[in-house]
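Enquirer: starting from these lines, generate the structure:
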Amino acid sequence: MTTTPTPADPGAGAPTGAPTAAAAPLLTVKNLVKEFPIRSSGLLRKQVGVVQAVSGISFDIAPGETLGLVGESGCGKSTTSRAVLHLQPATSGQVVFDGVDLTTVGKNDLRRLRRDMQLVFQDPFASLDPRITVNEIIAEPLRIHGLYGEKGQGRKKVEDLMATVGLKREHGNRYPHEFSGGQRQRIGIARALALRPKLLVLDEPVSALDVSIQAGVINLLEELQDELGLAYLFVAHDLSVVRHIADRVAVMYLGKIVELGPRDQLFDHPQHPYTQALISAIPIPDPRRERTRQRILLQGDVPSPANPPSGCRFRTRCPKFLTLTSEQQRKCIDEEPLLVGRGPGGMATSDDAVHKAACHYAESVQLL
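Expert: Purely as a prediction, here's the structure:
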């Protein structure tokens, strides 16, 4: 069985048909903020604060491109994916899809645009209705949007979708509980493809699957992207999977993007201390290198998003912070670092730099 290449493999999983830098963005997210109210107990339930789940992040995705969004649990990845799809309306900021700002459109226009962007859920066991057959599950979005057609046409569309994701025609009359986890996720992918979308938001699509099954689903996603020209927002915490499938990677910490850049540059030369810590934890399938490699361990717990630290949000756990002078530490405490390109010596460069890091004292480190 094909397995997912590890980050130590030379040229592991280089995406084919990656978009050119000149391609106009299909999706542009600008200064996206999503807050959830904290309410007091009791009858009135007054708002006493907010949880800053996503705090002013920006990124874009070109047609046919895969952007990997990674970070620890609770960093805001899934909230970002739902805000992009307007399933959870943003508190502020812009989400521009195919030239239309989703934060300002009406319900009818949003319904039309939803055909072009679909979500694949994390849990294939909970995301499928156990009471209806696979045929009905895949046909549901076609019926909702009035695209099912005559009975024969709709059935043919469903059968074609099943064949596209590697399912057999006779599977259509079965129920979700009769399938394995990998097959259920393929059903979810077929449902997402029913409306021929331009963008798929994949919210940890393989994290609930066995490692042996993950490779098959990842390979399917790559084949579909090459065949259909899909763009992916791939949300995950497994960096090995992200390195295999992504063209670019954005690293999130406590609601902020702390590093953003091309996959190979980010993995081979991470600049932000948090990214460096994440990459240093990736196992290397070479016992000698694994024993002698540099490890970066983070101390303490992730701060509460209801009361994030001032300045740099990572400073309370940053190993580099402890090595700085008191003057340098004061800058980390008082000033929030901007997500910008960094040149030699950590000097900020132009804002349109390809590889960006949000750290006052960013420096490139080779860990793999």
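
Enquirer: give me the number of residues near Ser240?
Expert: Neighbours of Ser240 under the rule other C-beta atoms under 10 Å: 19. The C-beta positions use only the backbone N, C-alpha and C, and glycine is treated the same way.

Enquirer: helices of the stretch 51-200 of the chain, residue ranges please.
Expert: Here the stretch 51-200 of the chain has its helices, by DSSP state H, counting those that start in this stretch, at 77-84, 107-113, 134-144, 151-164, 181-193.

Enquirer: so for Arg293, which of those helices sits nearest?
Expert: helix 77-84 (26.7 Å; C-beta to C-beta).

Enquirer: centre of the chain to the closest one, how far?
Expert: Helix 77-84 sits 8 Å away from the centroid of its parent chain (C-alpha atoms, centre = their mean, to the nearest Å).

Enquirer: how about that helix: buried residues?
Expert: The neighbour-count check on helix 77-84 (16 or more other C-beta atoms under 10 Å) flags 77-84 as buried.

Enquirer: save the residues you listed as CSV, and put in pLDDT and distance to Gly166 too.
Expert: Formatted as CSV, those follow (pLDDT from 0 to 100; distance: C-beta to C-beta, whole Å):
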residue, pLDDT, distance to Gly166
Lys77, 95, 27
Ser78, 94, 27
Thr79, 95, 31
Thr80, 97, 29
Ser81, 95, 25
Arg82, 94, 28
Ala83, 95, 32
Val84, 95, 27
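
Enquirer: columns distance to Leu44 on top of those, output as JSON lines?
Expert: Putting the buried residues of helix 77-84 into JSON lines (distance: C-beta to C-beta, whole Å) gives the following:
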{"residue": "Lys77", "distance to Leu44": "33"}
{"residue": "Ser78", "distance to Leu44": "30"}
{"residue": "Thr79", "distance to Leu44": "27"}
{"residue": "Thr80", "distance to Leu44": "32"}
{"residue": "Ser81", "distance to Leu44": "33"}
{"residue": "Arg82", "distance to Leu44": "29"}
{"residue": "Ala83", "distance to Leu44": "28"}
{"residue": "Val84", "distance to Leu44": "34"}
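
Enquirer: and which of those residues is nearest to Pro273?
Expert: For these, the closest approach to Pro273 (C-beta to C-beta) belongs to Lys77, at 19.3 Å.

Enquirer: got the contact list for the closest one?
Expert: If a contact means C-beta atoms under 8 Å, 6 or more residues apart in numbering, then Lys77 has 69-71, 203, 235, 237, 252 as its contacts.

Enquirer: also Lys30?
Expert: If you count contacts by C-beta under 8 Å, 6+ apart, Lys30 has them with 58, 93-94, 96.

Enquirer: now list the buried members of these.
Expert: By 16+ other C-beta under 10 Å, those give 93, 96 as buried.

Enquirer: ok, the contacts of Lys30 vs Ala357, which is closest?
Expert: Checking the contacts of Lys30 one by one against Ala357 (C-beta to C-beta), the nearest turns out to be Ser58, at 14.2 Å.

Enquirer: for the spatially closest residue to that closest one that is not a sequence neighbour, give me phi and psi.
Expert: Leaving aside its sequence neighbours, Ser58 sits nearest to Lys30 (C-beta to C-beta, 6 or more residues apart in numbering; 5.0 Å). Dihedral angles phi and psi of Lys30 (degrees, to the nearest 10) take the values phi -130, psi 120.

Enquirer: test for you: state the pLDDT assigned to Lys30.
Expert: Looking at Lys30, its pLDDT is 97.

Enquirer: with Leu43 instead?
Expert: Looking at Leu43, its pLDDT reads 83.

Enquirer: again, but for Ala90
Expert: 94.

Enquirer: contact partners for it?
Expert: Ala90 neighbours (C-beta under 8 Å, 6+ apart): 32-34, 54, 83, 103.

Enquirer: how about these in a markdown table, adding distance to Gln271?
Expert: Output for the contacts of Ala90, formatted as a markdown table (distance: C-beta to C-beta, whole Å):
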| residue | distance to Gln271 |
| --- | --- |
| Leu32 | 22 |
| Val33 | 25 |
| Lys34 | 26 |
| Val54 | 22 |
| Ala83 | 26 |
| Thr103 | 31 |
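
Enquirer: sketch out the low-pLDDT regions of the stretch 1-150 of the chain for me.
Expert: The model of the stretch 1-150 of the chain has pLDDT under 70 over residues 1-23.

Enquirer: contact partners of stretch 154-162?
Expert: Looking at what lies outside stretch 154-162 - C-beta under 8 Å, 6+ apart - the contacts are 134-135, 138-139, 142-143, 148-149, 168-169, 171-172, 190, 193-194.

Enquirer: if you could redo that for stretch 323-330, that was the one I meant.
Expert: Applying C-beta under 8 Å, 6+ apart, the contact partners of stretch 323-330 are 315, 321, 332, 360-361.

Enquirer: what's the average pLDDT for it?
Expert: 96.

Enquirer: may I see the buried residues of it?
Expert: 324, 329.

Enquirer: same check on stretch 130-146?
Expert: For stretch 130-146, by 16+ other C-beta under 10 Å, it's 133-135, 137-139, 141-142.
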